[in-house]
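S.K.: please work out how this folds:
(2 chains)
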Amino acid sequence: MKEEELIKKLENIAPPGIEVQSHRRRLRMALLDSEYFREQPEVGVFGQVSSTVKRGVDVLRGLISWRPVWKPALVSTLAIALIVGSALFVPSLVTPSTGTLTGTLPPGIAKSSGEESNAPAKPILSSPANSSRVGFIGKQALTFQWTVVTEFSGVSYKLQITSDPSFVNLTIPEVSGLTETSYTLSQGQALPYGTYYWRMKAIYSAQNDSGWTAPHSFQVGLMPLWTFIVIVVVIGMLVAALVYRFALKR
Amino acid sequence: MDLIEEKELVERARRDPEVFGKLYDQYYSQIFNYVLRRVANIEIAQDITSEAFFKALKNLRQFHWRNVPFSSWLYRIATNQITDYFRGGKHEMFSLEEIPDSITPSNPSIESEVLEAEEELRRHEDFLLLHENISKLPIKYQDVITLRFFENKQIKEIGEILGKREGTIKSLLHRGLKKLKKLME
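M.R.: Model prediction:
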């Protein structure tokens, strides 16, 4: 059989077009009645503002109908609305974005072996850079940054940080569900002196992932805290000795 | 439905079950038949379609509009579910057994409807013969051949569905057809 004949055969074949109405109806019912629609948070600032305004209007209506105290009630409601409005708007206006959009990768660009790879694009690790040193002494609450991966199905990220190059034992529990392109460790997660490795994975909402990036290593601090204390004590003793000797000479 | 209309519908579907219902009505048949053409089994196709739509609903908030039809996203989820099934991966089964269905003279029982559908599938002998050969190919070739010839998707759209470049799709298609030809000789 020639390839053209096979193509013709494939083009001319009538694939089944079947409907199972009972499945269609029951699945529809199950989807529309699912938990997803029962536990809906208000989405975004506008959602929150609109629900706040709705609640405010309801309160105002109730207060206006209660004539003896409607004026003070109106004033206090407006004051509360002003405070709530400020609380909702101001942080979103003044808080800088934590994301660093240093580049856009089309899907699949990070593949290494062309068509054999099924994995979508991987993020690129930006900071801390590979083989870099961060901080001087004490624990460091670092910020990890990577490039955004653009994909129509939506992307979240997973982050692993460890002092174990094989990533078997993680220093910090795996961080998942990240939607920004940076993550700052909390004070409780701050890393003490040592050599660490980090890597990322992009998770696509269509349920596949990019696979882990090659790990980057970095060094936290120049020396352990105890070394620093010993050095300070030694320097102090030297200075004291010099002062003592100078004082004795006089 | 054009892309602008669809974009608006997807945005509203995140909060409104009725709007999600509209999207479901629009694409159920397409996705169910795609899965059926991949697995050639009514009950398995029902299970995989259910899983795919539940996954789509679960991840709807993460879906970012990039001028790619919503159906491409659904196709991708379904393709991943099919791959999982072929590889014997872990399945989250969504049982619809507890969902009642009204049975009237014009609305046959679930079992008899499934039997009828299986009968209808068996009547597509040419397709089933071809499917038997296609199913012997590695999954990546099955993906592109089914999408190209049974779903009539263009190379660009297949690339969007599978997250691959057009050149890669062309090459997969070429190699897949070569392998299929060999199997059919």
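S.K.: the domain parsing of chain A - what is it?
M.R.: Domain assignment for chain A by automatic domain parsing gives A:45-95, A:104-227.
S.K.: chain B too?
M.R.: B:1-91, B:124-185.
S.K.: hey, least reliable of those by pLDDT?
M.R.: Lowest mean pLDDT of the domains of chain B: domain B:1-91, a mean of 90.
S.K.: say whether chain A is contacted by that domain.
M.R.: Yes. Against chain A, domain B:1-91 shows contacts by C-beta under 8 Å from any C-beta of the partner chain at B:14-15, B:17-18, B:20-21, B:24-25, B:28-29, B:32-33, B:36-37, B:42, B:46, B:49-50, B:53-55, B:57-66, B:68, B:72-73, B:76-77, B:80-81. For every residue, glycine as well, the C-beta is placed using N, CA and C.
S.K.: any of those buried? List them.
M.R.: B:14-15, B:17, B:20, B:24, B:28, B:32-33, B:36-37, B:42, B:46, B:49-50, B:53-55, B:57-60, B:62-63, B:68, B:72-73, B:76-77, B:80-81 (16 or more other C-beta atoms under 10 Å in any protein chain shown).
S.K.: about what we covered before: can you flag the weakest of the domains of chain A by average pLDDT?
M.R.: Minimum mean pLDDT among the domains of chain A: domain A:45-95, a mean of 51.
S.K.: strands of chain A, residue ranges please.
M.R.: A:104-105, A:125-127, A:132-134, A:143-146, A:148-149, A:155-162, A:172-178, A:182-184, A:194-204, A:216-220 (DSSP state E).
S.K.: what about the closest residue to chain B within chain A, how many residues nearby?
M.R.: Ranking the residues of chain A by distance to chain B (C-beta to the nearest C-beta) places residue A:154 first, at 3.3 Å. Residues lying near residue A:154 (other C-beta atoms under 10 Å in any protein chain shown) number 19.
S.K.: any idea how far residue B:82 is from the residue nearest to it when sequence neighbours are not counted?
M.R.: Distance criterion C-beta to C-beta, 6 or more residues apart in numbering or on different chains; nearest residue to residue A:154, sequence neighbours excluded, is residue B:62 at 3.3 Å. Note on residue B:62: its distance to residue B:82, by C-beta to C-beta, to the nearest Å, is 21 Å.
S.K.: which residue does chain B bring closest to chain A?
M.R.: Closest point on chain B to chain A, by C-beta to the nearest C-beta, is residue B:62, at 3.3 Å.
S.K.: tell me where chain A has helices.
M.R.: A:3-12, A:21-32, A:35-38, A:44-65, A:70-94, A:225-249 (DSSP state H).
S.K.: next, the buried residues of the last one.
M.R.: The neighbour-count check on helix A:225-249 (16+ other C-beta under 10 Å) flags residue A:228 as buried.
S.K.: show me the contacts for residue A:146.
M.R.: Counting by C-beta atoms under 8 Å, 6 or more residues apart in numbering or on different chains, residue A:146 makes contact with A:123, A:124, A:125, A:126, A:157, A:181, A:182, A:200.
S.K.: biggest helix in chain B by residues?
M.R.: Per DSSP H, chain B has its longest helix at helix B:17-39.
S.K.: toward the C-terminus, what is the element adjacent to that one?
M.R.: helix B:42-58 (DSSP states H and E).
S.K.: can you map out the helices along chain B?
M.R.: Under DSSP H, chain B gives helices at B:3-13, B:17-39, B:42-58, B:70-86, B:110-122, B:125-134, B:139-145, B:155-162, B:166-184.
S.K.: pull the CA atoms of stretch A:177-186 into CSV?
M.R.: Coordinates of each C-alpha in stretch A:177-186 appear next as CSV, following Å, rounded to 0.1, in the frame of the first residue of the first chain:
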residue,chain,number,x,y,z
GLY,A,177,0.7,26.0,43.6
LEU,A,178,2.9,29.1,42.9
THR,A,179,1.4,31.3,40.3
GLU,A,180,3.9,34.2,40.5
THR,A,181,7.5,34.1,39.2
SER,A,182,9.1,34.5,42.6
TYR,A,183,8.9,33.1,46.1
THR,A,184,10.3,34.6,49.3
LEU,A,185,11.1,32.4,52.2
SER,A,186,9.4,33.2,55.4
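S.K.: buried residues of it, list them for me.
M.R.: So, applying 16+ other C-beta under 10 Å, buried residues of stretch A:177-186: A:178, A:181, A:182, A:183, A:185.
S.K.: isn't the last one up against residue A:171?
M.R.: Looking back up the chat, that one is residue A:185. No. Residue A:185 is not in contact with residue A:171 according to C-beta atoms under 8 Å; the separation is 10.2 Å.
S.K.: which neighbours do the two share?
M.R.: residue A:191.
S.K.: contacting residues for the closest residue in space to residue A:36 that isn't next to it in sequence?
M.R.: Closest residue in space to residue A:36, ignoring its immediate chain neighbours: residue B:57 at 5.3 Å, by C-beta to C-beta, 6+ apart. By C-beta under 8 Å, 6+ apart, residue B:57 lies in contact with A:31, A:34, A:36, B:20.
S.K.: of these, which is the most crowded?
M.R.: residue B:20 (25 neighbours).
S.K.: now the helices of chain B in JSON lines, with distance to residue A:226?
M.R.: Listed next are the helices of chain B as JSON lines, based on distance: least, C-beta to C-beta, whole Å:
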{"stretch": "helix B:3-13", "distance to residue A:226": "57"}
{"stretch": "helix B:17-39", "distance to residue A:226": "59"}
{"stretch": "helix B:42-58", "distance to residue A:226": "50"}
{"stretch": "helix B:70-86", "distance to residue A:226": "51"}
{"stretch": "helix B:110-122", "distance to residue A:226": "72"}
{"stretch": "helix B:125-134", "distance to residue A:226": "67"}
{"stretch": "helix B:139-145", "distance to residue A:226": "56"}
{"stretch": "helix B:155-162", "distance to residue A:226": "55"}
{"stretch": "helix B:166-184", "distance to residue A:226": "55"}
